[in-house]
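Asks: Need coordinates for the following:
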Amino acid sequence: MNWSDNITTLGLLGAFVILILTIFVMGVYLKKIKDSKADGELTHESWDGIGEQTNNLPIGWAACFLGVIIWGFWYLFLGYPLNAYSQIGEYNQEVQSYNQKYAATWDKLDEDGLTKMGQGIFLVQCSQCHGVTAEGMNGKAKDLTKWGKEEGIIEVIKDGSKGLEYMAGEMVPVELSDEEAKAVAAYIMQDISSVKSTKYPLEVAKGKEVFAMQCAACHGDEGKGNGGGVDGFAPDLSKYGTTEFLTEVLQKGKKGMIGVMPSFNYANFATSQKEALNVFIRSLESQAD
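Replies: Numbering: from 1, shown residues only. Have a look, this model is predicted:
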């Protein structure tokens, strides 16, 4: 046992003191049960023939109450080892040191390296629900082969989205033709999203017109999610397909088809890991019809 850890030492000292006090108090009151007799002046209160005496608070009780109060103030303001050694502090320092070494090794990967890293993370953390091919296992989870691409936007337009928690609430399906949905997706990918690229460049102009009529009320004129001038009213589409958008999903969790995807904050992903996961997902070939 590491006796230089003040937290451990204080804990054991407190346990020892409590044990001694417990034995002492039990001894005192067992003796009183045997030897003491009721005395003191009766009050006028009576419940079912049981009277109340005007005895003073026992000195032992008062001393214990006062001692606990004094100890509490001492522990909070003086005794707690905020600047001293602790196992928790040592662990946090080790984690910080490890993360710095990790960043130095992996922060400058090329796209191929990021894709391979992202695939490993996906298989460990995501494939249980989304499947090893990321297709969502027949609708049980989101088909990530479409995520961050035009196909993902088209799917949301047609089917709606439970998505993340926003003031606008859940997005309901929008009644657009296939051509209009494709055009809106092209406009978002080319002009709004930071991706700044689309497979359908000829559809962008038409998509801009449809977006203004059907989408801007919630997502804002520039697609930044500030419909009605309220920031955060709806998803910020300028982040769609980016690591920043994926990070938001990982932090908040997301409603899905069969339940709720939990937050992945517990995984403590490094920035490069989140970037790698995003690169891998965007590298997947969409299985859209």
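
Asks: sec struct for residue 146, please.
Replies: Three-state call for residue 146 (DSSP: H, G, I helix; E, B strand; the rest coil): coil.

Asks: Grab the nearest non-local neighbour of it.
Replies: residue 152 (4.1 Å; C-beta to C-beta, 6 or more residues apart in numbering). All C-beta atoms are positioned from the backbone trio N, CA, C, and that covers glycine.

Asks: How much space separates residue 52 from residue 41?
Replies: 10 Å (C-beta to C-beta, to the nearest Å).

Asks: between the two, which one's more packed in?
Replies: residue 52 (12 against 7; other C-beta atoms under 10 Å).

Asks: The residue nearest to residue 146 touches residue 134, doesn't it?
Replies: No: contact between residue 152 and residue 134 fails when scored by C-beta atoms under 8 Å: they sit 11.9 Å apart.

Asks: The stretch 1-150 of the chain: strands as residue ranges?
Replies: Ranges of strands in the stretch 1-150 of the chain, per DSSP state E, counting those that start in this stretch, are 42-47, 50-53.

Asks: which stretch among these comes nearest residue 255?
Replies: Minimum separation from residue 255 across the strands of the stretch 1-150 of the chain (C-beta to C-beta) falls at strand 42-47, 55.7 Å.

Asks: Neighbouring strands of that closest one in the sheet, and parallel or not?
Replies: Paired strands of strand 42-47, with direction, are strand 50-53 (antiparallel) (DSSP bridges).

Asks: Quick one: low-confidence residue ranges for the stretch 51-200 of the chain.
Replies: Under the criterion pLDDT under 70, the flagged ranges of the stretch 51-200 of the chain are 80-85, 163-164.

Asks: can you rerun that using 80?
Replies: The model of the stretch 51-200 of the chain has pLDDT under 80 over residues 51-58, 75-89, 99, 102-107, 139, 162-169.

Asks: Relative to the whole chain's centre, how far out is stretch 205-217?
Replies: 34 Å (C-alpha atoms, centre = their mean, to the nearest Å).

Asks: Name the residues of that stretch that are buried.
Replies: 206, 207, 208, 210, 211, 214, 215 (16 or more other C-beta atoms under 10 Å).

Asks: With stretch 136-149 instead?
Replies: By 16+ other C-beta under 10 Å, the buried positions in stretch 136-149 come out as 136, 137, 141, 142, 143, 144, 145, 146, 147, 148, 149.

Asks: Enumerate every residue touching residue 28.
Replies: residue 60 (C-beta atoms under 8 Å, 6 or more residues apart in numbering).

Asks: Would you mind measuring from it to residue 54?
Replies: 21 Å.
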